[in-house]
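**Student:** Sharing a model prediction with you, sequence too.
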Amino acid sequence: MLELLIKFQKMDRRWVFLGMAIAIFIPLLFPLKLPFRVDKEVRDIYRQVEKLPEGSAVLISADFDPASVPEIGPFFTAHLHHLFRRNLKPVVLTLWPTATPLVLPELEAIAKRYGKTYGKDYAFLGYKEGKELVIKNVGQNIFQQFPTDHYGTPLTDIPVMSGRPQAKNFPLFVSVSAGFPGLNEYVLQIQGQYDLNMVGVCTAVGGPDYIPFYKSNQLRGLSMGMPGSAQYEQLVWKGKPAQGVKLLATSAMDVLNLGHLFIILLIVFGNIAFFITRRVEES
């Protein structure tokens, strides 16, 4: 037994890498469907959407890049399904040039799935450079900042934008943000000034920075990282997604949980081996 503990402490790191690889691939090949709880912060986002009357327009700022898609991309996808299922009308814009090729195909594909018409049921305003200046203008006058949509159509010719020249004219504003410019700047620049009914989606590493905004009611809901995306998927689909819909964040939670469990076991057994062998050596 002692010899085994000594070998464990001197184990080649390649065995650790192999163990982690197995912990990752097992749930990918054979989903474990481990249960997890839904936090109040995420449930509040779901409730904000549920209480909107049919036909309401929702303004979404989708500000992320390929590196952050695994964390917050599934939320964006589930959110679009949620809105279209309830006959709500998403109007999407972005402050990040990398977001358009990620956001637009998803928006068009999901809208087509529900038989929605561009301009009437949804719109994509596109990308604008300017960072915080764009954010201020979204609060003051969207039509001046985005005179045309992504396709060059004047906003005055888009029915879903009729009577909605400012962010405050939308009953719900959603910031899906991987960093700067994004959620933090929207809260600081326009949320308080216009008393926006706003919810936020961020990466896990940024979550602690936005919790004070949620507790102060500046954000009426908050989803943080992949766990938040998985929780929102569960609220939207109740564990039974429509045909062809993949709950990517929910599947990834099995990977995270098993990977974390593997690391915890290594730490526990490593400490046990250290203290037992040290006592033997001292005696």
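**Tutor:** Looks like it arrived, so ask away.

**Student:** per-residue confidence at the most centrally placed residue in the chain?
**Tutor:** For the chain, I72 is the residue whose C-alpha lies nearest the centre (C-alpha atoms, centre = their mean; 2.6 Å). pLDDT, I72: 96.

**Student:** is it true that it lies in a helix?
**Tutor:** Yes: read with DSSP: H, G, I helix; E, B strand; the rest coil, I72 is one of the residues of a helix.

**Student:** what residues are up against it?
**Tutor:** By C-beta atoms under 8 Å, 6 or more residues apart in numbering, the residues touching I72 are F64, V176, S177, A178, V201, C202, T203, S223, G225, S229. Every C-beta, even on glycine, is put in place using the N, C-alpha and C of the backbone.

**Student:** Give me the subset of the residues you listed lying in helices.
**Tutor:** Within those, residues falling in helices by DSSP state H are G225, S229.

**Student:** Can I get the contacts of I72 in JSON lines including distance to G259, pLDDT and neighbour count?
**Tutor:** Converted to JSON lines, the contacts of I72 look like this (distance: C-beta to C-beta, whole Å; pLDDT from 0 to 100; neighbours: other C-beta atoms under 10 Å):
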{"residue": "F64", "distance to G259": "23", "pLDDT": "97", "neighbour count": "26"}
{"residue": "V176", "distance to G259": "25", "pLDDT": "98", "neighbour count": "26"}
{"residue": "S177", "distance to G259": "26", "pLDDT": "97", "neighbour count": "26"}
{"residue": "A178", "distance to G259": "22", "pLDDT": "97", "neighbour count": "24"}
{"residue": "V201", "distance to G259": "23", "pLDDT": "98", "neighbour count": "33"}
{"residue": "C202", "distance to G259": "22", "pLDDT": "97", "neighbour count": "29"}
{"residue": "T203", "distance to G259": "18", "pLDDT": "96", "neighbour count": "21"}
{"residue": "S223", "distance to G259": "21", "pLDDT": "98", "neighbour count": "31"}
{"residue": "G225", "distance to G259": "14", "pLDDT": "95", "neighbour count": "21"}
{"residue": "S229", "distance to G259": "17", "pLDDT": "96", "neighbour count": "30"}
